[in-house]
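S.K.: structure for this input, please:
(2 chains)
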Number of protein chains: 2
Amino acid sequence: MPLSEFALIERYFRKAGAMRPDVQLGVGDDAALLQSPPGAQLVAAIDTLNEGVHFPFGSPPASIGHRVLAVNLSDLAAMGARPAWALLALTLPKVDERWLEEFTGGLSALARSHDVALVGGDTTLGPLSATIQILGHVAKSTALLRSGGRPGDKVFVSGTPGDAAAGLAVEQSRLKASAEAESYLRKRFLYPSPRLALGDCLRSYATACIDVSDGLLGDAGKLAHASGCGVELEFDHLPVSEELVSAVGDQRARELALTGGDDYELCFTVRPSEVERLRHNLPPERWKYCCIGTLGETPGRINVTRGGSVIELTHSGYDHFASG
Amino acid sequence: MPLSEFALIERYFRKAGAMRPDVQLGVGDDAALLQSPPGAQLVAAIDTLNEGVHFPFGSPPASIGHRVLAVNLSDLAAMGARPAWALLALTLPKVDERWLEEFTGGLSALARSHDVALVGGDTTLGPLSATIQILGHVAKSTALLRSGGRPGDKVFVSGTPGDAAAGLAVEQSRLKASAEAESYLRKRFLYPSPRLALGDCLRSYATACIDVSDGLLGDAGKLAHASGCGVELEFDHLPVSEELVSAVGDQRARELALTGGDDYELCFTVRPSEVERLRHNLPPERWKYCCIGTLGETPGRINVTRGGSVIELTHSGYDHFASG
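M.R.: Below is the predicted model of the structure:
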């Protein structure tokens, strides 16, 4: 890209995100200079969204900007970490001022709401793709890992998984519902809410945590695997939104809650003896989470039960509507 | 991509890079947990390489792995920082084990030689693209910035710029030379050497520094702009390699040294009163740098002179051979 176009982009990015006193040098030099708080561990994650893979062609630019930051913030939420700084690598087929303004608007609004500064970036020519590197902090030895679960621990999930997969299907005209349900579901796909406040609080209660990005069943399975356990989820306990049920019915809604992607909720485990304290201090109605199962003794045994019997499920995720 | 393919990739990346005691948690959870040394500033940069834009289609995978880390290490070198940790976002059109092995080999060899740990990543499906986020450290208030130059400061460059642009032209069969020169020039494009040791030492001497990635003239101009100065470079003082001169002749070699891209050398400025101390403590023959000009009083005035007269130059960079 010509230098003038780079300058244009830099102008957009300089204004994006929160102002933070711990940024000694942000966008504009070869690298950013940052000051971590004393005693904290640095927490780092990176995630990419590619057009046609992670979002449909022609998606709203504000949603792409929001989502690429949200999926990274969700990784930090799963560690119980607080975000501080982000770097953006943006690949664009061409420079489109309107597109950039909307993209940066979506990114910046979410960044400011979580006090995240955009401290650097790289803009290149190519097929549309956005990568965010997120940096944050957590007090030493308090981070939530995937590996801390033990057999008998109760398994919880936040929010109402399955909505985002249905929202993507609405975006792609593979699913029809009421105008109200469509609007709600689309928003759940386009503008996910990373559960940072919940993740932060869970450091005092959870034994393990993972963010639900690839489908609850698979991600709960990853947590169980890292913890050397199996996992059993109760189909009828899966939380589903009214809108999702109205759009696809109760059975299909719970299947989507298990296997749909892009939810960015938290799946976490708590020792049975700690559940009462959790519920008391973080009331489920307010914090929006519920118990959906238990970690088991047998590594690799991942079951979904209904009324005491194990049920069979396919793991199709994205193909739900195509094959449904 | 199916989970099994992700697992394969993760297996490659777990083994990549150096082992470091300051990595509390690396590849495999939602984020990495890292411990910065007390008192140090964190230094962060991100850079992307896209197939067909930053490297030709069909480039050696080991070179892509090497270069995507090298361009990021070069940003840290320009700050005088020491690298510690890298995260990789890799987008692949398909999973090809042989390709991955070579890519990871190239990345890992360079990472180990600079004691860089690969602590996280994201692998996605799409057009071939690699992004590295690099993290490192520098003692507080000692980082080299672009903005510290003053009128009268002497301008230096490391190495022999122009080689990489000619090497790319050889790669793309736009330039023919002797077998020896072709081999040397190709290597300079495919496997650039980030000048980390030089950048680290320069913190005691340089007033400003930038890495030369987009062409020496343009990058020296950026340094001058950030420092509120102009810059004058002496054409006959530009360092060029014997191989480049043998391939394109003396005049063209110096033009390429000014405007070719992908060199990843350092351009830096030193107060006249410090030049003697610099030369004494960092002998130019050993550290491979030379004086090429002076910062001027007038912001925006960027001149190349020869025998006392200003000469005209085009800034075509990549188009050199196509139009030549």
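
S.K.: ok, so what distance separates residue A:214 from residue A:31?
M.R.: Distance, residue A:214 to residue A:31, using C-beta to C-beta, to the nearest Å: 32 Å. Every residue, glycine included, has its C-beta placed from N, CA and C.

S.K.: quick one, which of these two is more surrounded?
M.R.: Legend: neighbour count by other C-beta atoms under 10 Å in any protein chain shown for residue A:214 and residue A:31, higher for residue A:31 (27 against 20).

S.K.: which residues does the nearest residue to that one once chain neighbours are set aside bridge with?
M.R.: By the measure of C-beta to C-beta, 6 or more residues apart in numbering or on different chains, the closest residue to residue A:31 outside its immediate chain neighbours is residue B:45, 3.8 Å from it. Beta-bridge pairing for residue B:45 (DSSP bridges): residue B:134.

S.K.: can you get me a residue count around the closest residue to chain B within the stretch 201-324 of chain A?
M.R.: As assessed by C-beta to the nearest C-beta, chain B sits closest to residue A:211 within the stretch 201-324 of chain A, at 5.7 Å. Using other C-beta under 10 Å, the number of residues around residue A:211 comes to 27.

S.K.: and the residue nearest to residue A:145 when sequence neighbours are not counted, what does it touch?
M.R.: Closest residue to residue A:145 apart from its sequence neighbours, by C-beta to C-beta, 6+ apart: residue B:29 at 5.8 Å. By C-beta atoms under 8 Å, 6 or more residues apart in numbering or on different chains, residue B:29 lies in contact with A:79, A:145-147, A:226.

S.K.: do the same with residue A:128
M.R.: Residue A:128 neighbours (C-beta under 8 Å, 6+ apart): A:50-51, A:91-93.

S.K.: of the residues you listed, which fall within the contact range of chain B?
M.R.: Residues shared between the contacts of residue A:128 and the neighbourhood of chain B are A:50-51, A:91 [C-beta under 8 Å from any C-beta of the partner chain].

S.K.: around chain B, which positions in the stretch 101-250 of chain A sit nearby?
M.R.: When proximity is defined by C-beta under 8 Å from any C-beta, the stretch 101-250 of chain A lies next to chain B at A:119-122, A:124-127, A:129, A:131, A:133-136, A:138, A:143, A:145-147, A:209-211, A:218, A:226.

S.K.: and those residues, which are buried?
M.R.: Burial by neighbour count, 16 or more other C-beta atoms under 10 Å in any protein chain shown: within these this picks out A:119-122, A:124, A:126-127, A:129, A:131, A:133-136, A:138, A:143, A:145-147, A:209-211, A:218, A:226.

S.K.: mind checking how far the most centrally placed residue in chain A is from residue A:211?
M.R.: Closest residue to the average C-alpha location of chain A: residue A:264 at 2.6 Å, with C-alpha atoms, centre = their mean. Distance of residue A:264 to residue A:211, computed by C-beta to C-beta: 6 Å.

S.K.: spell out which residues are contacts of both of the two.
M.R.: A:74, A:195.

S.K.: for residue A:66, grab phi and psi.
M.R.: Per-residue torsions, residue A:66: phi -60, psi -50 (degrees, to the nearest 10).

S.K.: so what pLDDT did it get?
M.R.: Confidence at residue A:66, expressed as pLDDT, is 98.

S.K.: pretty sure it contacts residue A:190?
M.R.: Yes - taking C-beta atoms under 8 Å as the definition, residue A:66 is a contact partner of residue A:190 at 7.3 Å.

S.K.: circling back to that earlier point, among the contacts of residue A:128, which one has the most neighbours?
M.R.: With neighbours taken as other C-beta under 10 Å, the top of the contacts of residue A:128 is residue A:91, carrying 25 neighbours.

S.K.: list the contacts of it.
M.R.: Contacts for residue A:91 (C-beta under 8 Å, 6+ apart) come out as A:123-130, B:48, B:50, B:129.

S.K.: got phi/psi on it?
M.R.: Residue A:91 adopts backbone torsions of phi -110, psi 130, taken as degrees, to the nearest 10.

S.K.: bridged to it, which residues?
M.R.: The partner residues for residue A:91, given DSSP bridges, come to residue A:124, residue A:129.

S.K.: part of a strand, is residue A:290?
M.R.: Yes - judged by DSSP: H, G, I helix; E, B strand; the rest coil, residue A:290 forms part of a strand.

S.K.: next one: it from residue B:224, what distance?
M.R.: According to C-beta to C-beta, residue A:290 stands 61 Å off from residue B:224.

S.K.: neighbour count: the two, which is higher?
M.R.: With neighbours defined as other C-beta under 10 Å, residue A:290 and residue B:224 compare such that residue B:224 has more, 30 against 15.

S.K.: from chain A, how far out is that one?
M.R.: The gap separating residue B:224 from chain A is 14 Å, by C-beta to the nearest C-beta, to the nearest Å.

S.K.: how far off centre is the helix or strand hosting that residue?
M.R.: In the assignment (DSSP states H and E), residue B:224 maps to helix B:216-226. Offset of helix B:216-226 from its chain centre (C-alpha atoms, centre = their mean, to the nearest Å): 15 Å.

S.K.: name the next helix or strand following that helix along the chain.
M.R.: Using DSSP H and E, the next helix or strand after helix B:216-226 towards the C-terminus is strand B:230-234.

S.K.: let me know the average pLDDT across the next helix or strand after that next one.
M.R.: Downstream of strand B:230-234, the next assigned helix or strand under DSSP H and E is helix B:242-248. Mean per-residue pLDDT for helix B:242-248: 97.

S.K.: now do the end-to-end distance for stretch A:225-239.
M.R.: Chord length of stretch A:225-239, first to last residue, is 23 Å (C-alpha to C-alpha, to the nearest Å).

S.K.: can you find the helix or strand of chain A with the lowest average pLDDT?
M.R.: Comparing helices and strands within chain A by mean pLDDT, DSSP states H and E singles out helix A:320-323 as the least confident, with a mean of 37.

S.K.: can I have stretch A:26-37 written out in CSV, keeping just the CAs?
M.R.: Extracted in CSV, the C-alpha atoms of stretch A:26-37 (Å, rounded to 0.1, in the frame of the first residue of the first chain):
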residue,chain,number,x,y,z
GLY,A,26,2.0,3.3,21.8
VAL,A,27,1.3,3.2,18.1
GLY,A,28,4.0,4.8,15.9
ASP,A,29,7.5,3.5,16.7
ASP,A,30,9.0,0.1,16.0
ALA,A,31,7.4,-1.4,19.1
ALA,A,32,5.4,-0.4,22.1
LEU,A,33,6.8,0.2,25.6
LEU,A,34,4.6,-1.0,28.4
GLN,A,35,4.9,-1.2,32.2
SER,A,36,3.4,-4.2,33.9
PRO,A,37,2.3,-3.8,37.5
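
S.K.: tell me where the model's unsure across chain A.
M.R.: For chain A, applying pLDDT under 70 flags the ranges A:1-9, A:313-324.

S.K.: all strands of it, in order?
M.R.: A:23-25, A:32-34, A:40-50, A:82-92, A:117-125, A:129-139, A:154-158, A:206-212, A:230-234, A:265-270, A:289-296, A:302-306, A:309-311 (DSSP state E).

S.K.: point out the most buried one among those strands.
M.R.: Comparing the strands of chain A by mean neighbour count (mean count of other C-beta atoms under 10 Å in any protein chain shown), strand A:265-270 ranks first with a mean of 29.

S.K.: and that one, how far out from the chain's middle?
M.R.: 12 Å.

S.K.: brilliant, that's me finished.
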